[in-house]
Structure formats: structure tokens, C-alpha cells
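Enquirer: sequence first, then the predicted structure:
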Amino acid sequence: GGAGGAPPRGPPPPPPVIDPERMAFLQQALTSMVENTTDVFRSSISCLTLEEADEQDRKRKHEALAVLADRVEQLDLAQGLHNLGGFAPVIECLGSSYTEIRQGACDVVASCVQNNAPVQMAAMELGALPRLMDIYANRSLSAEERTKALAALSGLVRGNSTSELEFLQRSGLQMLRADMLLAEVRLRRKAIFTLGQLMASNPALRVAVLRIQSDEAGRSKGILPEIVSQIQFPDIQVSDFACMALRTLMADSWVGAGSSGVDVREQFPELEGVLQAKLEFLLKEADGHDTDDVILIRDLLRMLSSTEGHVGAAQQGEVAGAEQGGGLRSGDSPSREGREPPKLLGPSHPLDARHNR
């Protein structure tokens, strides 16, 4: 017998046998579901080409977009929509004169391109990025609509160096900075999340972020101080995303660390106290357990208290034009000086799931 007199374990039981009639029923149900989805897609696609002068036609178009957004969250269905010729008219709807149509199209694009490289490529070929940028850059539009456009852009550029570069070249970085500091809370969350996502995949952008200048009063200015300032923002998600972005930068201390680097602890002497207070609050909220939030703050505090808190910057020539978004390609890494980089906190971190809430 086993330890403590437990009976010995036998072989695992065989899998249950599915009744042939039930198997046939399930196969029929699956076939019916696929056929039904195809019919729904075709019906919805036909509505997307309706003229918008008539209110009822606009309503049908908006409802069709809502149906598609709900269905394409599954990756195979997003590809299926494109295969049926439905993705092109969705992207055309991004240029609609009506807010509800544009927002509905943003929702569909965001669902289709999320972690879906073939559909990302199709979206780029169909001109989705400039249309989405037109919406996001238009500050006369509502924060809700601009947030939806940025959500679609975030999914479109994620892991795609071509779309990422075009986003940066179209002043995407400058727009993210402004929204990170000034926008209403949902758009602010999305802006700082997207900025962190871009930094995680783009070493040259991380180097550009580390360039700090001083204003006439001697105060630090630049993207890094702006990120640090958001750690104290009262919204928990904004604060978390700022911490994630800072963690990405601090993990990059292997990049040319030396006299040209940034000593985060020295540059922001109040940061350690802010993080310690945040940690105490989170531990109290979590009854002392190490949640993802707690682990993130502990990582930052550990890095601040070690020599790794000295974040390096590459030579100026390697980041020329970075603020304008030119020449920042994923994988363009400065010299590693014979050292392997530590693992970055990228978009796959568990906290990342919050950005769609």
C-alpha cells in the first residue's frame, strides 16, 4: 500500500464513450453553427454597403457592425470575415460621417486584429491605420470615440513592426504623450498602456524615452518624468500601467549603462516613497498576499535599491529623430556591451488584461 495505508493507484479510467446518436447531434450542431455564422456574416456585410442618407439604413449598418464585433472576437471568425470580403467594407465605415458608424467600425477592427498577425496585415493593406489615425488625432471628437480608435490602433501595431513604425511616423508618440497627461481617464489608460506596449517591443524608443532635459526652472521634462508622474494618478489602472512602463525601462539598464545613463533613484528622489506607499496600500487591499500588482511594485523597489536602478542610454546618434517617430523599428537594439538583456515586462504581463476594461 501507499504511504499512510492509502490504496495503490490503478491505471486511469478509460475516457467515456460518446453515444453515436449524441456524436451525430453534436456534429450537426457544430455544422449548423458554422453555417449560421456564415449567413450572419453575409447578411451583415450586405448592410455595410448601404447609403447613410436614410436613417433606417444607418441604423441597419450600425446594428450590423455590432453583430460583427460580437462574432469576430474568436480568431478563426475574424479570418472568416476577411475571407468573405467583409473586412474591407468595415474599414470603409471608419470614414463615415456618423459617429455611431465610425465607433462600430473601430470595435470590429479592434476585435479582428488583436493578436492576429494575418488580419493585422490585411488591415494594413486595406488602409486601416491612416483612417484610425484620423479619428484618434481629431480632438474635436468625443473621448469615447478616440478611445475606441486607439484601442484598434493598439491591437493593429502590437507585434507588427511595419504598422508600429507608421504609427510613430504619423506623430503617434506625441499624441500618446498628450493623452497620457491630459485626457479623461479611459483614454488616459489606453494611451499609457499603448505607450508601454510600444516601448516593450522597440528598444530604440526606450532609449529615446530616457532622454531627459531640464526647463528654465531646472525641472525635469521629457517622456520619462511624464510616466513617473502618472504613478501617483488616483486611477489604479493608470498608475499600474505607468509602473509597467517604468519597469520596462528599468529592465533595460543593460543598454549602454554608463555616464550617459539615467539614475532613476537620483532623478526622482520621491519615487521610492511613492512606490512604498503604493505597496502598503496594495498589501492591505490583498490581505498581505502577493498579487500581480504587489509583485510589480516589489520589482520596481528592488531595482531602485540595486545598481540596476541605473538605466542606461545609447549614444545620441542612435536615437536621432526618435521624437518624430522616424527610424524606430522593432528589433533595432543598441549595443549590448557583451551582456544579455534581462527579461522585459511586456504586454503579456497579467496586468495587461485590464487595458480593455
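Expert: Sure, I can see it.

Enquirer: burial of the spatially closest residue to Cys106 that is not a sequence neighbour, as a residue count?
Expert: The shortest distance from Cys106 to any non-neighbouring residue, by C-beta to C-beta, 6 or more residues apart in numbering, is to Lys148 (3.9 Å). All C-beta spots, glycine's among them, are computed from the backbone N, C-alpha and C. By other C-beta atoms under 10 Å, 26 other residues sit near Lys148.

Enquirer: please apply the same query to Arg131.
Expert: 22.

Enquirer: just checking, what packs against the helix or strand harbouring it?
Expert: In the assignment (DSSP states H and E), Arg131 maps to helix 128-137. The contact analysis (3 or more C-beta pairs under 8 Å, 6 or more residues apart in numbering; DSSP states H and E) places helix 128-137 against helix 99-113, helix 143-157, helix 161-169, helix 172-182.

Enquirer: buried sites along the second one?
Expert: What it means is helix 143-157. Residues 143, 145-157 are the ones in helix 143-157 that count as buried (16 or more other C-beta atoms under 10 Å).

Enquirer: and what of the first one?
Expert: With burial defined by 16+ other C-beta under 10 Å, the residues of helix 99-113 counted as buried are 101-113.

Enquirer: return the distance of that helix from the chain's centre.
Expert: On the basis of C-alpha atoms, centre = their mean, to the nearest Å, helix 99-113 sits 16 Å off its chain's mean C-alpha point.

Enquirer: next SSE after it?
Expert: That would be, after helix 99-113 and using DSSP H and E, helix 117-125.

Enquirer: what's the angle between that next one and helix 143-157?
Expert: Interaxial angle of helix 117-125 relative to helix 143-157 (axes from the mean of the first three to the mean of the last three C-alpha atoms, to 10 degrees): 120 degrees.

Enquirer: tabulate the buried residues of helix 143-157 (a markdown table), appending pLDDT.
Expert: Listed next are those as a markdown table, based on pLDDT from 0 to 100:
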| residue | pLDDT |
| --- | --- |
| Ala143 | 96 |
| Glu145 | 97 |
| Arg146 | 97 |
| Thr147 | 97 |
| Lys148 | 97 |
| Ala149 | 98 |
| Leu150 | 97 |
| Ala151 | 97 |
| Ala152 | 97 |
| Leu153 | 97 |
| Ser154 | 96 |
| Gly155 | 95 |
| Leu156 | 95 |
| Val157 | 94 |
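
Enquirer: quick check: angle from the helix holding Arg131 to helix 143-157?
Expert: Using the same axes, to 10 degrees: helix 128-137 against helix 143-157 is 150 degrees.

Enquirer: who does the helix or strand containing Val207 touch, helix- and strand-wise?
Expert: For Val207, the host element (DSSP H and E) is helix 203-209. When contacts are defined as 3+ C-beta pairs under 8 Å, 6+ apart, helix 203-209 packs onto helix 185-201, helix 223-229, helix 236-250.

Enquirer: can you list the buried residues in the second one?
Expert: Residues of helix 223-229 classed as buried by neighbour count (16+ other C-beta under 10 Å): Ile223, Leu224, Glu226, Ile227, Val228.

Enquirer: surely Pro89 meets Leu48?
Expert: Yes: here Pro89 reaches Leu48: they are 3.9 Å apart, a contact under C-beta atoms under 8 Å.

Enquirer: before we move on, back to that, need the helices and strands packed on helix 203-209 in JSON lines with distance to Ala78 and mean pLDDT, can you?
Expert: Output for the helices and strands packed on helix 203-209, formatted as JSON lines (distance: least, C-beta to C-beta, whole Å; pLDDT from 0 to 100):
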{"stretch": "helix 185-201", "distance to Ala78": "20", "mean pLDDT": "94"}
{"stretch": "helix 223-229", "distance to Ala78": "32", "mean pLDDT": "88"}
{"stretch": "helix 236-250", "distance to Ala78": "26", "mean pLDDT": "90"}
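
Enquirer: so which of those gets nearest Leu165?
Expert: Counting by C-beta to C-beta, Leu165 lies closest to helix 185-201 out of the helices and strands packed on helix 203-209; the figure is 10.5 Å.

Enquirer: which parts of the stretch 201-350 of the chain are helices?
Expert: For the stretch 201-350 of the chain, helices defined by DSSP state H, counting those that start in this stretch occupy the ranges 203-209, 223-229, 236-250, 264-267, 271-285, 292-305.

Enquirer: could you list the buried residues of the shortest one?
Expert: So that's helix 264-267. For helix 264-267, burial by neighbour count (16+ other C-beta under 10 Å) applies to Val264, Arg265.
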